[in-house]
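[1] Please work out how this folds:
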Amino acid sequence: MTRPATIRDLVAPYVPDIEAAMRRYVPPIEGEGAAMFGMLHYHLGWADETFRPARQPTGKRVRAALVLMSAEGLGVPRERALPAAAAVELVHEFSLIHDDIEDGDRERRHRPTLWTLWGVPQAINAGDALFAIAHRALFGLADVGVPAERVVHAAHRFSETMVALCRGQHQDMAFETRLDVTPDEYRAMIAGKTGVLLGLAAELGAIIAGLPDDDRARYRRFGERLGRAFQIQDDLLGLWGETHQTGKPVGNDIRKRKKSLPVLLALAHPGPDAESLRALYARETPLTDADVERALAIIEQTGARKAAEAEMHAAYAEAEQMLDEVAVQYGEHAVEQLRHLVRLLQHRTE
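    Down below sits the predicted model:
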């Protein structure tokens, strides 16, 4: 069997079922709520600005696919895990609607964001609706034969994760006005913003399969480590990613003064280089290309780039270790797709 060459190749066999499941729970554009549901269809890439059906750019659906990979590896039929996969993807999309408002982002996936078209109040409301729909999708597990106690446990973990997700976003926004953010504070923040949702996605498959607590925790830790590695890799790509692959200029995160892990590691380095970088970040005027080059050079000189790369590789290795432990108990077939995912993510360039 030929192994998938890209993340999209790996996820592609899952996407039609994921999309169909999401559409089952998101109401059609009709009736009294047509305008609000039209906004959701637009955000999800199913409609254009006039709410006409259209194929627009969507997310990769990696989080939803992770639910299915975990469940199917443990012998759960796909249809039994699809409500949870849809719930994870829908709540991720809810978080993007609110992120766009909170960050002031005017575009997502090369299209205007919801708030720029219909205003902040309506976008908040649409996001709230999607949050509720995601919970309704999760309770759809009961309709496909998942035992009630597993559905309740899944809902409990889902709600815990939402609180952690909001806490991570709170920390992220608080960091915007601070120049004294530490690397440890940043690690805690990304655990909430990225790690917990991937941890939930992996764990939900194990919950549906009825695994005991210790084994469910291994799946959760696998997803959390994967999320940490993924975010640090994003940080590195945001500084040194190739423009033709990321679609953004080299050093784009410096221009936006993002406090990513390599930047914070450099700022924590003793000596004049860190102070020079701090001064660039404190400047109120836009940074020039020369400023960006200087900042990138400082991050390299302090060893922060290599340190961040080492953390990323360590997190991927820890994720693989969790899979090794699962394989001992349930066989290599249980984690085969998850291993493919880890290895493809390690080599992504966008």
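[2] Now do the buried residues in stretch 260-275.
    260-269, 273-274 (16 or more other CB atoms under 10 Å). (C-beta placed from N, C-alpha, C; glycine too.)
[3] Okay, helices next: where are they in the stretch 251-350 of the chain?
    Using DSSP state H, counting those that start in this stretch, the helices of the stretch 251-350 of the chain run over residues 252-255, 261-267, 272-282, 289-301, 304-330, 336-346.
[4] Need the winner for burial among those.
    The highest average neighbour count among the helices of the stretch 251-350 of the chain, using mean count of other CB atoms under 10 Å, belongs to helix 261-267 at a mean of 25.
[5] tell me the mean pLDDT for that one?
    For helix 261-267, the mean pLDDT works out to 97.
[6] Alpha carbons of it, as PDB, please.
    Listed next in PDB are the C-alpha coordinates belonging to helix 261-267 (Å, rounded to 0.1, in the frame of the first residue of the first chain):
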ATOM      1  CA  LEU A 261       8.500  30.800  21.300                       C
ATOM      2  CA  PRO A 262      11.700  31.600  19.400                       C
ATOM      3  CA  VAL A 263      11.200  35.300  20.100                       C
ATOM      4  CA  LEU A 264      10.500  34.800  23.800                       C
ATOM      5  CA  LEU A 265      13.600  32.500  24.100                       C
ATOM      6  CA  ALA A 266      15.700  35.200  22.500                       C
ATOM      7  CA  LEU A 267      14.200  37.800  24.800                       C
END
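[7] Mind giving me the packing neighbours of it?
    helix 183-190, helix 213-240, helix 272-282, helix 289-301, helix 304-330 (3 or more CB pairs under 8 Å, 6 or more residues apart in numbering; DSSP states H and E).
[8] next helix or strand past the first one?
    With elements assigned by DSSP states H and E, the helix or strand that comes after helix 183-190 is helix 196-209.
[9] could you check the angle helix 304-330 makes with that next one?
    0 degrees (axes from the mean of the first three to the mean of the last three CA atoms, to 10 degrees).
[10] For helix 196-209, what is the distance to the chain centroid?
    Put simply, helix 196-209 sits 14 Å off its chain's centre (CA atoms, centre = their mean, to the nearest Å).
[11] can you pull the contacts of residue 190?
    168, 227-228, 231-232, 261 (CB atoms under 8 Å, 6 or more residues apart in numbering).
[12] Give the ChimeraX command for selecting the buried subset of these.
    Applying 16+ other CB under 10 Å to the contacts of residue 190 leaves a buried subset, and the ChimeraX line that selects it is:
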select :168,227,228,231,232,261
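[13] Which helix or strand in the protein has the lowest average pLDDT?
    helix 243-246 (a mean of 61; mean pLDDT, DSSP states H and E).
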